[in-house]
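# Give me the fold of what follows.
(one chain, ligands or ions: 1)
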Amino acid sequence: MRMKDLFLTHVGQTSDMPLMMEVERAEGIYFYSPDGKRYTDLISGVTVCNTGHANQEVIDAVCEQARKYMHIMVYGEVIESPQVQYAVALARELPEQLSTVYFVNSGSEAVEGALKLAKRWTGRSELISCQNAYHGSTHGALSMMGGEHFREAFRPLLPDVRRIRYNSMEDLKYITSRTAAVLVEPIQGEGGVRVPSKEGILALRKRCTEQGALLIYDEVQCAFGRTGTLWGWQQVGVVPDIMCLAKALGGGMPLGAFVSSAEIMDCLKRNPVLGHITTFGGHPVCCAAGLASFEYLLRNKLHLAAEAKGARFEERLRGLEGLKEIRRAGLLLALDWGSAEKCNQVVKKLTDAGMMTESYLFAPESMRISPALTITEEEIDSVCDEFISILAQ
Ligand SMILES: Cc1ncc(COP(=O)(O)O)c(C=O)c1O
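Below is the predicted model:
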């Protein structure tokens, strides 16, 4: 049987329309199929590979750590230096309120941990999220998801969850003394790159503080320089009580984390003891990879260049025939084609021609562009030339 047939028969599928390119190797903003075809990765594995595919420093860190040791013991029991060093490096770039890192394996798990932590710390049960939010696929994260369409088939989900409109001043009244936490993306990713108003974020922070509810920022998609600052919350300077990280956190390896103050985080360790546990969370190889990627990003100041690189894309692609608007935060772009049908046609045309992109989950009329932050100006120009010429055909 051919690899494609084996994939469809033996690997669990997520839809009837997988992209189906076969990957042999990847480098920078490109990946290659066994027949030598080159694909331009316009989405970096959905904002995971911010420091580029096959980053040599990340590869070296993985090999070095794998040779020393891999799994020794479940999370939280023994001292593994890649984990400690990465937590310290993250804390160095974060304020005091966000100096304790609890490592898990994925974004969904980071959200699960954050929700449990908020319930445990406040002693409250109500959780609030936003319409069109994506927070992951596990039961708790799914309960917080914005779209009813994705939730309804899996009920019963978490009770006591309320949804408010993203960036709505009016809906802040639903945050009350019953609320344990409000979970929100600093910039909505799957909603199609929605940037909230500064006043909206300040008012949200104020309301949470007044009501004693924790503000949880889901930074899974927009952290690590994607939006032009290291963390999404730096766009406005509003610091959350808990921050969820994943995707680019692992530099291409599976890693997630929820981050808070030492005081808040401490409540997970008693009443009951082992309030949150994970076997593989903070795996030493993943932490070594993540740390190498993080150090590479900081040293090369990739976060500081993301805004100019995103603006270059926007300038080059603005005015394309049929394009309604471009929404953008740094190097996270949504090209809005006005309808899901038109967007699907564009995505298919580009994909067939060797450019990988996709539409956003809650904005099917909008197409994702979020390449590695390592993309050079020359690469942006040549990608845009190719993009324009494919669509002109
Ligand atoms: C904002 C946000 N939160 C959470 C998740 C879930 O992360 P994971 O797929 O690693 O569970 C995602 C994944 O796309 C995301 O974009």
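# Check the gap between L202 and L42 for me.
Per C-beta to C-beta, to the nearest Å, L202 is found 34 Å from L42. From N, CA and C alone the C-beta is placed, and that goes for glycine too.
# These two: who's more crowded?
L42 (23 against 13; other C-beta atoms under 10 Å).
# Report pLDDT for that one.
Per-residue pLDDT puts L42 at 97.
# same deal with G290?
On the pLDDT scale, G290 gets 98.
# Equivalent analysis for V236, please.
Predicted confidence (pLDDT) for V236: 86.
# Enumerate every residue touching the nearest residue to it once chain neighbours are set aside.
In space, and not counting its chain neighbours, V236 is closest to I201: 4.8 Å by C-beta to C-beta, 6 or more residues apart in numbering. By C-beta atoms under 8 Å, 6 or more residues apart in numbering, the contact set of I201 is 167, 186, 236, 238.
# Run the chain-centre distance for the helix or strand where Y217 lies.
According to DSSP states H and E, Y217 maps onto strand 214-218. With C-alpha atoms, centre = their mean, to the nearest Å as the basis, strand 214-218 stands 14 Å off its chain's centre.
# for stretch 302-318, same thing?
19 Å.
# How about stretch 340-358?
The answer for stretch 340-358 is 22 Å, by C-alpha atoms, centre = their mean.
# buried ones in that stretch?
Across stretch 340-358, burial judged by 16 or more other C-beta atoms under 10 Å covers 342-344, 346-347, 350-351, 355-358.
# Quick check: the residue of the protein nearest the ligand.
Nearest residue of the chain to the ligand (C-beta to the nearest ligand atom) works out as G107 at 2.2 Å.
# Next up, phi/psi of that residue, please.
phi -70, psi -40 (degrees, to the nearest 10).
# Close to the ligand: what parts of the protein are there?
With C-beta under 6 Å from any ligand atom as the criterion, the chain meets the ligand at residues 46, 106-108, 111, 134-136, 185, 189-190, 218, 220-221, 246.
# on that earlier part again, can you list the strands that the strand holding Y217 pairs with?
Strand pairing for strand 214-218, determined by DSSP bridges: strand 179-184 (parallel), strand 242-245 (parallel).
# what sits up against it?
With C-beta under 8 Å, 6+ apart, strand 214-218 has contacts from 107, 111, 114-115, 118, 121-122, 133, 135, 180-186, 204-205, 208-209, 232-233, 238, 240-244, 264.
# where do the strands sit along the stretch 251-393 of the chain?
In the stretch 251-393 of the chain, the segments counted as strands under DSSP state E, counting those that start in this stretch are 256-260, 325-329, 332-336, 355-356, 359-360, 363-369.
# Quickly compare the strands paired with strand 214-218 and say which is most buried.
The highest mean neighbour count among these, using mean count of other C-beta atoms under 10 Å, belongs to strand 242-245: a mean of 28.
# for that one, the distance to its chain's centre please.
11 Å.
# quick one on the thing from earlier: make TSV from the strands paired with strand 214-218 and add mean pLDDT and distance to N50 to it.
Compiled in TSV, the strands paired with strand 214-218 are given as follows (pLDDT from 0 to 100; distance: least, C-beta to C-beta, whole Å):
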stretch	mean pLDDT	distance to N50
strand 179-184	98	22
strand 242-245	98	12
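# R2 is nearest to which of these?
Closest to R2 of these is strand 242-245 (C-beta to C-beta; 38.3 Å).
# quick revisit: looking at the residues of the chain next to the ligand, which are in helices?
Using DSSP state H, the members of the residues of the chain next to the ligand that fall within helices are 46, 107-108, 111.
# does A363 really touch L335, like I thought?
No: taking C-beta atoms under 8 Å as the definition, A363 is not a contact partner of L335, at 10.4 Å.
# the more surrounded of those two?
Legend: neighbour count by other C-beta under 10 Å for A363 and L335, higher for L335 (28 against 22).
# ok, that one touching G319?
No: contact between L335 and G319 fails when scored by C-beta under 8 Å: they sit 11.8 Å apart.
# By mean pLDDT, point me to the weakest helix or strand of the chain.
helix 148-151 (a mean of 89; mean pLDDT, DSSP states H and E).
# can you list contacts of that one?
142-143, 145, 157.
# Quick one: residues contacting the closest residue to G189 other than its chain neighbours.
Excluding its sequence neighbours, the residue lying closest to G189 (C-beta to C-beta, 6+ apart) is Q221, at 3.7 Å. By C-beta under 8 Å, 6+ apart, the contact set of Q221 is 46-47, 185, 189-190, 247, 332.
# ok so, going back, pull the strand holding Y217 out as PDB, backbone CA atoms only.
Provided in PDB are the C-alpha atoms of strand 214-218 (Å, rounded to 0.1, in the frame of the first residue of the first chain):
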ATOM      1  CA  LEU A 214      -8.700  35.700  38.000                       C
ATOM      2  CA  LEU A 215      -7.800  36.900  34.500                       C
ATOM      3  CA  ILE A 216      -6.400  34.000  32.400                       C
ATOM      4  CA  TYR A 217      -4.700  34.900  29.100                       C
ATOM      5  CA  ASP A 218      -4.500  32.100  26.600                       C
END
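# Figure out how far the host helix or strand of E57 is from the centre of its chain.
For E57, the element it lies in under DSSP H and E is helix 56-68. Chain-centre distance of helix 56-68: 24 Å, with C-alpha atoms, centre = their mean.
# thinking again about what came up before, tell me the pLDDT of the residue nearest to G189.
For Q221, the model assigns a pLDDT of 96.
# ends of stretch 94-112, how far apart?
22 Å (C-alpha to C-alpha, to the nearest Å).
# again, but for stretch 84-98
15 Å.
# who touches stretch 299-315?
50-51, 224-230, 296-297, 326, 328-333, 369, 373-375, 377, 380-381, 384.
# Now list the buried members of those residues.
50-51, 224-230, 296-297, 326, 328-333, 369, 373-375, 380, 384.
# quick one: which of the residues you listed sit in helices?
Short answer: the buried ones among the contacts of stretch 299-315 in helices (DSSP H) are 296-297, 380, 384.
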